[in-house]
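> turn this into a model:
(2 chains)
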Amino acid sequence: MDHTIKMNRYGDYGDREAAGGQQEAKANANEWPLWEVFIRSKQGLDHKHVGSLHAADAQMAIENARDVYTRRMEGVSIWVVESKHIHASNPDEAESMYDPASDKVYRHPTFYDLPDEVKHM
Amino acid sequence: MKEYLLHLADDALVMSQRLSEWTGHGPVLEQDIALTNIALDYLGQSRLLYQYAASIIGDGATEDSLAMLRLEHEFKNHLLVELPNALPAGRDWAFTVCKVFFFSAYQHALMQQLQHNADEEVRGIAAKSLKEVTYHLRWSREWILRLGDGTTESHQRMQQALQACWPFTGELFEVPPYEQGWVDYVAIKKTWMSEVQQTLAEATISSPAGGGREGAFQTGGLHGRHTEYLGYLLAEMQYLQRAYPNSEW
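Numbers count the residues shown, from 1 in each chain, chains lettered A, B, ... in the order given. Just a heads-up that it's a prediction; the model follows:
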């Protein structure tokens, strides 16, 4: 029995045979690494994922993100993270991961009255 | 004053037209769009300057007539901006970033002075342009460092690009005869030199300055005497208005 925990990387899914960062990295040896871009808009409080791009390093990734994703005043702050550092949950495990929450309505704070003074709930 | 405004506008327009030749041909999507953004910034700068010049010239002049219906010898841009994206032809990334770097280092120093100009309109245009130019300078500087301090080949190509561009940099500090006493070109040269020398040193590129080539600069653009490249650029850019006068988008 295999006891090792499999580390799932971005891009691992969709092609099971080719899964695993190594092989992909080899095929793209001449390409710049992939980066995920998060942008905070003027009104927004949090950075939201907007897409990905290629860049040689973090600084270039931020500049590229500025040029690709903020041309139409979309943002005032940029985060980038190399895609390989993002670990994703396995879609095959979705049933066991997320379905158990569906019948547990008591986890929502809807069973007591909120004072009028409390906003944004 | 109108001539000086046209000089500034021509620099921006020709720079824009030349850089836009990269659109769709960039080495990677992200840099393709970066350069296209920069070209659009220049186009915006030229429009503001042509509009202001047109309002002074009057007599039916518009930003379009100034951009699309003037002849080669009427253009007052620096020779540097009309050079193709590689010499003698083609597209070379190192040459292009070197050109953008030299020009934006000059423009950065220029706009810093013009943003305090007595003329309100000029002040406004300069303040807006300065923000854009600051990014152009940052972007191009970054590439000079990457290529210069990169692989053996990128270093060599950056060094070649610099040698090719250099003879066209002296003209940037020539005082145009129609200049309005607005700008201190000696100060611009000083700022430009220190920016360029610092960047080149960091990029491990040897500077041609002081290497006996100081006097060998090409000039003439400010007086309407251009390289053979400008005519072709204008022919392409102005074709539509010349072939179909007054046609609109």
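> for the helix or strand where residue B:161 lies, buried residues please.
Following DSSP states H and E, one finds residue B:161 within helix B:152-165. Residues B:154-155, B:157-159, B:161-162, B:164-165 are the ones in helix B:152-165 that count as buried (16 or more other C-beta atoms under 10 Å in any protein chain shown). C-beta here means a position set from N, CA and C on the backbone, and glycine is covered the same way.
> stretch A:40-53 now?
Judged by neighbour count using 16+ other C-beta under 10 Å, the buried positions of stretch A:40-53 are A:40-41, A:50, A:52-53.
> in helices only, show me those residues.
Using DSSP state H, no member of those falls in helices.
> out of those residues, list just those in strands.
Counting by DSSP state E, the part of the buried residues of stretch A:40-53 found in strands is A:40, A:50, A:52-53.
> related to what we said a few turns ago, just checking, what packs against the helix holding residue B:161?
For helix B:152-165, the packing partners by 3 or more C-beta pairs under 8 Å, 6 or more residues apart in numbering or on different chains; DSSP states H and E come out as helix B:93-114, helix B:120-148.
> can the first one be found next to chain A?
Read that as helix B:93-114. No - Helix B:93-114 does not reach chain A (C-beta under 8 Å from any C-beta of the partner chain); its nearest approach is 12.8 Å.
> what does stretch B:58-70 contact?
Defining contact as C-beta atoms under 8 Å, 6 or more residues apart in numbering or on different chains, one finds that stretch B:58-70 is touched by B:6, B:9, B:13, B:46-47, B:50-51, B:53-54, B:57, B:237-238, B:241-242.
> can you give me the helices for the chain?
Picking chain A for this. Under the criterion DSSP H, chain A contains helices at A:21-27, A:58-69, A:94-98.
> switch to chain B, please.
Going by DSSP H, chain B shows helices at B:2-19, B:29-57, B:63-68, B:79-82, B:93-114, B:120-148, B:152-165, B:185-202, B:228-243.
> what about the third one, distance to the chain center?
In this view, helix B:63-68 has its centroid 18 Å away from the chain centroid, taken as C-alpha atoms, centre = their mean, to the nearest Å.
> list the buried residues in it.
Of the residues in helix B:63-68, B:63, B:65-68 count as buried by neighbour count, 16+ other C-beta under 10 Å.
> quick check: residues of chain A near chain B?
A:32, A:53-56, A:59-60, A:63-64, A:66-68, A:71.
> same thing but at 10 Å, please
Counting by C-beta under 10 Å from any C-beta of the partner chain, chain A comes close to chain B at A:31-32, A:35, A:53-57, A:59-61, A:63-71.
> need the contact list for residue B:29.
A:53-54, A:64, A:67-68 (C-beta atoms under 10 Å, 6 or more residues apart in numbering or on different chains).
> no wait, residue A:78
Residue A:78 neighbours (C-beta under 10 Å, 6+ apart): A:37-40, A:47, A:50, A:61-66, A:69-70.
> grab the nearest non-local neighbour of residue B:49.
residue B:9 (3.5 Å; C-beta to C-beta, 6 or more residues apart in numbering or on different chains).
> does the one you found really touch residue B:52, like I thought?
Yes - between residue B:9 and residue B:52 there is a contact under C-beta atoms under 10 Å: 8.5 Å.
> coming back round to it: tell me which of the helices of chain A sits most buried.
helix A:58-69 (a mean of 20; mean count of other C-beta atoms under 10 Å in any protein chain shown).
> could you list the low-pLDDT ranges of the chain?
Picking chain A for this. For chain A, residues meeting the criterion pLDDT under 70 lie at A:1-29, A:121.
> was after chain B, sorry
Along chain B, the parts satisfying pLDDT under 70 run over B:209-215.
> quick check: residues of it near chain A?
So chain B meets chain A at B:28-38, B:40, B:135, B:138-139, B:142-143, B:146, B:150 (C-beta under 10 Å from any C-beta).
> one more time with 6 Å, if that's ok
Contacts of chain B with chain A, taken as C-beta under 6 Å from any C-beta of the partner chain, map to B:30, B:33-34, B:37.
> among those, which one sits closest to residue B:195?
Closest approach to residue B:195 among those (C-beta to C-beta): residue B:34, at 20.3 Å.
> residue contacts, the closest residue to the closest one other than its chain neighbours?
In this structure, residue B:34 finds its nearest non-sequential neighbour in residue A:67, 4.1 Å apart by C-beta to C-beta, 6+ apart. Counting by C-beta atoms under 6 Å, 6 or more residues apart in numbering or on different chains, residue A:67 touches B:33-34, B:37.
> who wins for most neighbours among those residues?
Sorting those by how many neighbours each has (other C-beta atoms under 10 Å in any protein chain shown) puts residue B:34 first, at 23 neighbours.
> give me the number of residues near residue A:119?
6.
> tell me how far it lies from residue A:111.
Note on residue A:119: its distance to residue A:111, by C-beta to C-beta, to the nearest Å, is 20 Å.
> same question, residue B:159
Separation of residue B:159 from residue A:111 (C-beta to C-beta): 72 Å.
> equivalent analysis for residue B:233, please.
As judged by C-beta to C-beta, residue B:233 and residue A:111 stand 72 Å apart.
> what about these two, which has more around it?
residue B:233 (22 against 7).
> mind listing what the more buried one touches?
Residues in contact with residue B:233, defined by C-beta under 6 Å, 6+ apart, are residue B:17.
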